[in-house]
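# Give me a model of this one.
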Amino acid sequence: YTMEAKRQLDVLDRHLGEHQFLCGDSVTIADFACWPWYGESVYGDKASEFLQYDSYANVAAWSGRMKVLPPVKRGRVVNKTWGDNAMKERHSASDFDEVIPKDAK
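Numbers count the residues shown, from 1 in each chain. Okay, the predicted model is just below:
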């Protein structure tokens, strides 16, 4: 499993060395679908060190570009029940105003 994960990160890293996003230079649904798996899931946890995530600079840069997008910020708090910015329930768009500062949107 580890070698396959590293192989995929390597392919992704080489591709992102030539493109800003997965399907070119504009963000698409592909980026939103893949970011939780390749961009966010290994940041700051034990897998990051194990997979040598720091060696995939282009993946890390892409993850940084994704992490600041308003849809990603909103998606990270929906139904989150722990930690900062927890939004246990969402009933209207204005619910985001309580957990995401306006200057961060």
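# So which bits of the top helix by length along the chain are buried?
Determined from DSSP state H, the single longest helix within the chain is helix 2-16. Buried residues in helix 2-16, counting neighbours by 16 or more other Cβ atoms under 10 Å, are found at 5, 6, 9, 12, 13, 16. Where C-beta positions appear, they are placed from N, C-alpha and C, glycine not excepted.
# model confidence over the following helix or strand past it, on average?
If you walk from helix 2-16 toward the C-terminus, the next helix or strand you reach (DSSP states H and E) is helix 29-34. Helix 29-34 comes out with an average pLDDT of 94.
# Check stretch 58-76 too.
Computed over stretch 58-76, the mean pLDDT rounds to 89.
# end to end, how far does that stretch reach?
One end of stretch 58-76 sits 22 Å from the other (Cα to Cα, to the nearest Å).
# which parts of it are buried?
Neighbour-count burial for stretch 58-76 flags 58, 59, 60, 62, 63, 65, 66, 72, 73, 74 (criterion: 16+ other Cβ under 10 Å).
# Could you pull up the contacting residues of the nearest residue to residue 59 once chain neighbours are set aside?
Nearest-residue entry for residue 59: residue 13, 4.9 Å, with adjacent residues in sequence omitted and distances by Cβ to Cβ, 6 or more residues apart in numbering. For residue 13, the contacting residues are 56, 57, 58, 59, by Cβ atoms under 8 Å, 6 or more residues apart in numbering.
# For residue 36, state which of the residues you listed is nearest.
Closest approach between the contacts of residue 13 and residue 36, by Cβ to Cβ: residue 59, at 13.2 Å.
# tell me the SS of that closest one?
Under DSSP: H, G, I helix; E, B strand; the rest coil, residue 59 falls in the helix class.
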